[in-house]
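Engineer: what follows is a protein structure lacking sequence information:
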């Protein structure tokens, strides 16, 4: 531990620094907090504004309306399904590639590796990509459009590759002598000892799927709306909300308040799981930055 | 005749590695379909693409799309906006996580440091849809808490609609970019700081260097390689303004200010259905990005001996 010189200036700086960091925490957290309390306020009352620290008129009307909406329910199921399925398949698919590439003796390894690295710097851009997915693969409007195009991510592959390379070789070698093939080694030996990196990559994928709206906008269609896409539509045009509200007979409900409930529902899973999984997120940056 | 044993050897190796290849080849195929065929599809920037004729049979236009592009005033505006926003983000957003990492490192209570760190990462994990949703709520001229605060402080007039004002647009873009990413982007600098040999600091204390001098002469020089690599990448990214943020923040009042290259490419290509024209915008963007990164890398290599490639 370093001994700081306890001069007056140094102590004043410490105090200033602590205050600055507290202010930063406040600026970071307050928007979340404000949305939360306003969402639990009576919608008509909320339209008066000025809800700063605590709900003025407590009410769960906003949530009642949101949960009665069929579109919301369907979007919730679609989002949950793509998050679970998309995460599981992407981790497996990306991990399998990274494991194969981690073996220096692999035939064609250099070519595959260069192919992957080139995609970090060059891409066809959004329009040719759209044409391939929609016009040539005919995935538009199909649930698999959320899964297949997201099976692989080159940055995640590099994190996994770095991890696999650092694994001790002895266990795999002795398994090979015992006659186990590479598939068995990968699934039964390598994956179980790779839990930290699998958790990290799974979380990156889960956040991506949970937050996705762009591919839903391009390829989804009405039956495959995701939560974020509905939210995007509500934010972009408040007409949707008033339409939704009047359909359900809540004419007086303010559009803004309904938006709030949806925002809270889409944020909650991230905020609540965050403290428990936060260290895995950071791990990815650490593993990734070793390689540079 | 000597090629036959070599061929045999290759075939043998492939057979021996068949299970490894089963693990690897699906992604290779995936990359061809989702990365390389779209790259090939860039040729439609030089065509008049029609869905019926496809990538291969659409009629050629040569540089026709690009000639139209450079004469298009909306394109020129989008280019100007893109650079304006990116440079503002670079000037204010790039140093922010470095300063945060340095300040966090100076915190005496390590537990407090960890808590601040974890909290500041949080916004990185929510979508831009949500961030812009927060903004509309907090900056609402009638009910928004932040709007009220700014009015009371005399910073804005009571009828200012911040989200519909093209003058406050740039400030909001830069502020929210920093708000969302400062914590996450500081991780890599904190990791670099953690790798500095503590003996350097101890020696500096013995020599009578104060805190500011220790940061200036030890911490910052140790961060230099990381800063330069990230700066090169940022300069390459000058031409790619954040699509999600721009797309969400545009409304009928801020349309002109939010018209950046990626948004314009999307609008022309996929909304207006001018696939070739939109692709030409995208291709122009990629080429400029690559040239900028190359120049940044070259310059850095000459001046500081640090480079990305």
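Structural biologist: Received, thanks. The model shown is predicted, which means the values in this text are computed figures rather than measured ones.

Engineer: list the contacts of residue B:238.
Structural biologist: B:82-83, B:86-87, B:90, B:289, B:292 (C-beta atoms under 8 Å, 6 or more residues apart in numbering or on different chains). The way it works is simple: take the backbone N, C-alpha and C, and place the C-beta from them, glycine included.

Engineer: I'd like the next helix or strand past the worst-scoring helix or strand of chain A on mean pLDDT.
Structural biologist: Ranking every helix and strand in chain A by mean pLDDT, DSSP states H and E puts helix A:239-247 at the bottom, with a mean of 52. Remark: after helix A:239-247, the chain's next helix or strand is helix A:255-291, criterion DSSP states H and E.

Engineer: what residues sit buried inside that following helix?
Structural biologist: A:255-267, A:269-270, A:274, A:277-278, A:280-285, A:287-289 (16 or more other C-beta atoms under 10 Å in any protein chain shown).

Engineer: ok, back up a step: what about the contacts of residue B:238, which are in strands?
Structural biologist: Within the contacts of residue B:238, no residue falls in strands by DSSP state E.

Engineer: quick one, phi/psi of residue A:58?
Structural biologist: phi -70, psi 140 (degrees, to the nearest 10).

Engineer: correction: the previous question concerned residue A:167.
Structural biologist: For residue A:167, the backbone dihedrals are phi -70, psi 140 (criterion: degrees, to the nearest 10).

Engineer: tell me how many other residues surround it.
Structural biologist: By the criterion of other C-beta atoms under 10 Å in any protein chain shown, residue A:167 has 16 neighbours.

Engineer: return the member of the contacts of residue B:238 nearest to chain A.
Structural biologist: Comparing these against chain A with C-beta to the nearest C-beta places residue B:289 closest, at 9.0 Å.

Engineer: what's the burial count for the closest one?
Structural biologist: 19.

Engineer: what count of nearby residues applies to the closest residue to it other than its chain neighbours?
Structural biologist: Distance criterion C-beta to C-beta, 6 or more residues apart in numbering or on different chains; nearest residue to residue B:289, sequence neighbours excluded, is residue B:239 at 4.8 Å. Counted with other C-beta under 10 Å, the neighbours of residue B:239 add up to 23.

Engineer: could you report the pLDDT at residue B:239?
Structural biologist: Residue B:239 carries a pLDDT score of 90 in this model.

Engineer: cool, residue B:193 as well?
Structural biologist: 92.

Engineer: count residues in the vicinity of it, would you?
Structural biologist: Other residues near residue B:193 number 20, with proximity taken as other C-beta under 10 Å.

Engineer: residues in contact with it?
Structural biologist: By C-beta under 8 Å, 6+ apart, the residues touching residue B:193 are B:101-102, B:105, B:219, B:222-223.

Engineer: neighbour-wise, which of those leads?
Structural biologist: For the contacts of residue B:193, neighbours tallied by other C-beta under 10 Å; top is residue B:101, 25 neighbours.

Engineer: wasn't it part of a strand?
Structural biologist: No: applying DSSP: H, G, I helix; E, B strand; the rest coil, one finds residue B:101 to be helix, outside a strand.

Engineer: any idea which element the residue nearest to it when sequence neighbours are not counted lies in?
Structural biologist: With sequence-adjacent residues excluded and distances taken as C-beta to C-beta, 6+ apart, residue B:101 is closest to residue B:189, at 3.7 Å. In this structure, residue B:189 is located in helix B:166-194 according to DSSP H and E.

Engineer: just how off-centre is that helix within its chain?
Structural biologist: Distance of helix B:166-194 from the chain centroid (C-alpha atoms, centre = their mean, to the nearest Å) equals 11 Å.

Engineer: what angle separates that helix from helix A:255-291?
Structural biologist: Helix B:166-194 and helix A:255-291 are oriented at 30 degrees to each other (axes from the mean of the first three to the mean of the last three C-alpha atoms, to 10 degrees).

Engineer: on that earlier part again, and the contacts of residue B:193, which is closest to residue A:76?
Structural biologist: Using C-beta to C-beta, residue B:101 comes nearest to residue A:76 of the contacts of residue B:193, at 38.0 Å.
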